[in-house]
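Peer 1: Build me a model:
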Amino acid sequence: MNWEVLDLNILGPAFLAGLVVASTHVPLGRHVLQRGIIFLDLAVAQTAGMGIVLAHSFHWAPGGWQVQLVAVSAALMASYLLHLTEKRWAEIQEALIGGLFVLTSSVSILLLAANPHGGEYLKELLVGQILWVSYQQLIPVVVLYLAILILWFTFRLQRSSLGFYLLFAVAITASVQLVGIYLVFASLVLPALAVRNNKRKANRAGYMIAVSGYGVGLLLAALWDLPAGAMIVCALSVVSLIAGGLLRFNSQRWA
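Peer 2: So this is what the prediction gives:
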């Protein structure tokens, strides 16, 4: 191991990006789990990714307002569509979500087929480039997520099906561009699974799991010179498994 690679100028913004993503994804993930629509995040994230790929085909600047507009529009349309299907065909909602994911994934591949760097770009979209995140890039996301958290906890928009879907779409669109689709899914689902039986302090425990997973994953990725996104997903998985076991043990002990 080479401890000299622990450069805070690189790991600092990446870790902060993980905390920012976790701030909204922990409560959103718990709600997704409660609603029984686990793959909603993958479908909406992939739809936002398809929007980013589509915007990329027009050679617009990465992160520019055109790219953001196309990505969030795609995610919002997908979320509104799924809101409608949940009201009409709730019994097959998960199948419809899976179908949307497969469709948007295939469209993304078709859009990148003529791009000589398409494979690399698709990999970046899936795994993310969290180590390239800058503090300046995080500022608008922090402002956006603060607005989402206020709407979520103060105005209780999670009680509205449409409000939940629309907030979810906006949050996912921002986080996909920071950390990639795989980390978005892991940040939403893994902490939620670990704390699913702990109702009283679920958000607090979920945040601790996310912080630990991102911190351990980034450290190991830097020390072993491995892809950060994939390592964080693995770290989140292990931390969630251990934390879930401890939480269940404590709940049984004091039952």
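Peer 1: For the nearest residue to Gly12 once chain neighbours are set aside, which residues are in contact?
Peer 2: Of all residues not flanking Gly12 in the chain, Tyr135 sits nearest, at 7.9 Å (C-beta to C-beta, 6 or more residues apart in numbering). C-beta here means a position set from N, CA and C on the backbone, and glycine is covered the same way. Residues in contact with Tyr135, defined by C-beta atoms under 8 Å, 6 or more residues apart in numbering, are Gly12, Pro13, Leu16.
Peer 1: So which bits of the helix or strand where the first one lies are buried?
Peer 2: Gly12 is located in helix 8-35, with elements delineated by DSSP states H and E. Buried residues in helix 8-35, defined by neighbour count with 16 or more other C-beta atoms under 10 Å: 10-11, 13-15, 17-18, 20-33.
Peer 1: okay, now Gly245: neighbour count?
Peer 2: 11 (other C-beta atoms under 10 Å).
Peer 1: Now do the helix or strand containing it: distance to the chain's middle.
Peer 2: Per DSSP H and E, Gly245 falls inside helix 228-253. Chain-centre distance of helix 228-253: 17 Å, with C-alpha atoms, centre = their mean, to the nearest Å.
Peer 1: Compute the inter-axis angle for it and helix 8-35.
Peer 2: 50 degrees (axes from the mean of the first three to the mean of the last three C-alpha atoms, to 10 degrees).
Peer 1: helices or strands up against helix 228-253?
Peer 2: helix 181-194, helix 202-224 (3 or more C-beta pairs under 8 Å, 6 or more residues apart in numbering; DSSP states H and E).
Peer 1: Okay, now the unreliable bits of the protein?
Peer 2: Along the chain, segments meeting pLDDT under 70 span 1-5, 251-255.
Peer 1: about what we covered before: among the helices and strands packed on helix 228-253, which is nearest Thr154?
Peer 2: Nearest of the helices and strands packed on helix 228-253 to Thr154, taken as C-beta to C-beta: helix 202-224 at 14.5 Å.
Peer 1: coming back round to it: how much space between the residue nearest to Gly12 and Tyr207?
Peer 2: Noted for Tyr135: a distance of 21 Å to Tyr207, by C-beta to C-beta, to the nearest Å.
Peer 1: right, and the helix or strand after the helix or strand harbouring Ile150?
Peer 2: Ile150 is part of helix 135-153, with elements assigned from DSSP H and E. Sequence order places helix 161-179 as the next helix or strand after helix 135-153, per DSSP H and E.
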